[in-house]
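Structure of the sequence below:
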Amino acid sequence: MIHVEIDEGSGFCFGVTRAIKLAEEELAKGTTLYCLGDIVHNGLECERLEKLGLITINHEELAKLHNAKVLFRAHGEPPETYQIAKQNGIQLIDATCPVVLQLQKRIKSEYDKSVPTDKQIVIYGKNGHAEVLGLVGQTQGKAIVLEHPEEVTQLNFNKDIRLYSQTTKSLEDYWEIIRYIEKHISPNATFEYHDTICRQVANRMPHLQKFAKEHELIIFVSGKKSSNGRILFEECHKVNPNTYLISEPEEINSELLDGVQTVGICGATSTPTWLMENCKRRILELYHQ
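The predicted structure is shown next:
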């Protein structure tokens, strides 16, 4: 007999849950609703909402849109996007995650204080990621983005440094950057760091590591675009090499289940619970064939 368990701590984080709830409420009214970018980095959940009427647009399409209703997703947007929306008479449903919003305000406040000095505002995050674009936008594009901890060596340690992090990055890697800067910063320069990693995300890592150890096979369910999914998958894989990353139930085959008695299913902050449940159903169907 096979035992399949879905991790209770996996699934949408608060920010994503809130954004989807806001979208569903508007769509239930029969309103035409646009969303700027994928509402969540999960293709199947985006498809579900599109069937309810949600129309996903990009920034170029937003610039041409007038007098419409647009949802800004949890990742947040830079100030210029708000200006375009205002100019075009767009009614905004701002679903920016409160944690991201607070971080944007902190970075903007630091940037406003640092002009016209050449203080370095540094963001540890993924280049081009929606949240990071929103954060860099608070500094008129002047913030330095470090995508990997080893890139910290590129900073100028003779100049003041103010360090922040994308909310979904690894806490362990962030501390690696902090320790390096503390060790190399010039006595004539100042260094301040802000712990801006979302605890709802960071706290999942130790929990997932424990969950991954408890099962022979781990099926990690995540959209291919999810930055958080990639990080959490790697954490699971470190403690259980028999961990597989999939984006839909059809990717699970009987070979994976060969000789396995316990299977754990978990996912990213952008993975819907219904998708993990479908994966469980798929496993049980394959087992009973």
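
After the helix or strand where Thr56 lies, which helix or strand is next?
Using DSSP states H and E, Thr56 sits within strand 55-57. On the C-terminal side of strand 55-57, the closest following helix or strand by DSSP H and E is helix 59-64.

mind listing the strands for this protein?
With DSSP state E, the ranges of strands along the chain come out as 3-6, 33-36, 55-57, 69-72, 91-94, 120-124, 144-146, 161-165, 191-193, 217-221, 243-246, 262-267.

between those, which one is nearest to Trp175?
Trp175 lies closest to strand 191-193 among those, at 9.3 Å (CB to CB). For the C-beta atoms, the positions are set from N, CA and C on the backbone; glycine is no exception.

Please name the strands paired to the closest one in the sheet, noting orientation.
Applying DSSP bridges, strand 191-193 is found paired with strand 161-165 (parallel).

now the angle between strand 120-124 and the strand it pairs with, please.
Calculated by axes from the mean of the first three to the mean of the last three CA atoms, to 10 degrees, strand 161-165 forms an angle of 20 degrees with strand 120-124.

and Asn88, how many neighbours?
The burial metric for Asn88, expressed as a neighbour count using other CB atoms under 10 Å, is 15.

Check Ala268 too.
With neighbours defined by other CB under 10 Å, the count for Ala268 comes to 29.

hang on, it packs against Glu234?
No - the pair Ala268 and Glu234 fails to qualify as a contact (CB atoms under 8 Å) at a distance of 11.6 Å.

thinking again about what came up before, distance to Ala202 added to the strands of the chain, as a markdown table?
What follows is these, written out as a markdown table (distance: least, CB to CB, whole Å):
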| stretch | distance to Ala202 |
| --- | --- |
| strand 3-6 | 21 |
| strand 33-36 | 27 |
| strand 55-57 | 29 |
| strand 69-72 | 24 |
| strand 91-94 | 25 |
| strand 120-124 | 13 |
| strand 144-146 | 18 |
| strand 161-165 | 10 |
| strand 191-193 | 15 |
| strand 217-221 | 18 |
| strand 243-246 | 20 |
| strand 262-267 | 16 |
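
Would you point out the helix or strand in the protein whose mean pLDDT is lowest?
The weakest-scoring helix or strand in the chain, judged by mean pLDDT, DSSP states H and E, is helix 199-202 (a mean of 81).

quick revisit: go through the strands of the chain and pick out the most buried.
For the strands of the chain, ranked by mean neighbour count under the definition mean count of other CB atoms under 10 Å, the leader is strand 217-221 at a mean of 27.

And it, how far out from the chain middle?
In terms of CA atoms, centre = their mean, to the nearest Å, the centre of strand 217-221 is found 19 Å from the chain centre.

what sits against Lys213?
For Lys213, the set of contacting residues under the criterion of CB atoms under 8 Å, 6 or more residues apart in numbering consists of 239-240.

pretty sure Ala202 is touching Leu171, no?
Yes - contact status for Ala202 versus Leu171: in contact at 4.7 Å, counting by CB under 8 Å.

Quick check, Ile283 in contact with Ile252.
Yes - look at Ile283 against Ile252 with CB under 8 Å: they come within range, at 6.1 Å.

Give the bridge partners for Lys69, please.
Leu33, Gln91.

per-residue confidence for Cys198?
The predicted structure scores Cys198 at 89 on the pLDDT scale.

Nearest residue to it in space, please, no chain neighbours.
On the basis of CB to CB, 6 or more residues apart in numbering, the spatially nearest residue to Cys198 that is not a chain neighbour turns out to be Thr167, at 4.1 Å.

What's the separation between the one you found and Tyr124?
As defined by CB to CB, to the nearest Å, Thr167 lies at a distance of 11 Å from Tyr124.

Check Glu47 too.
32 Å.

Against Phe72, how distant is the residue nearest to Cys198?
Thr167 sits 16 Å away from Phe72, going by CB to CB.

Same question for Glu235.
Here the distance between Glu235 and Phe72 works out to 29 Å (CB to CB).

ok, now Gly53?
Gly53 is 18 Å from Phe72, where distance means CB to CB.

Any idea how many residues pack against His194?
If you count neighbours by other CB under 10 Å, His194 ends up with 13.

and it, what does it touch?
His194 makes contact with 106, 162-165, according to CB under 8 Å, 6+ apart.

Just give me the closest of those residues to His129.
In terms of CB to CB, no member of the contacts of His194 lies closer to His129 than Ser165, at 11.9 Å.

Now do the contacts for that closest one.
Contacts for Ser165 were tallied using CB under 8 Å, 6+ apart; they are 123-125, 174, 194-197.
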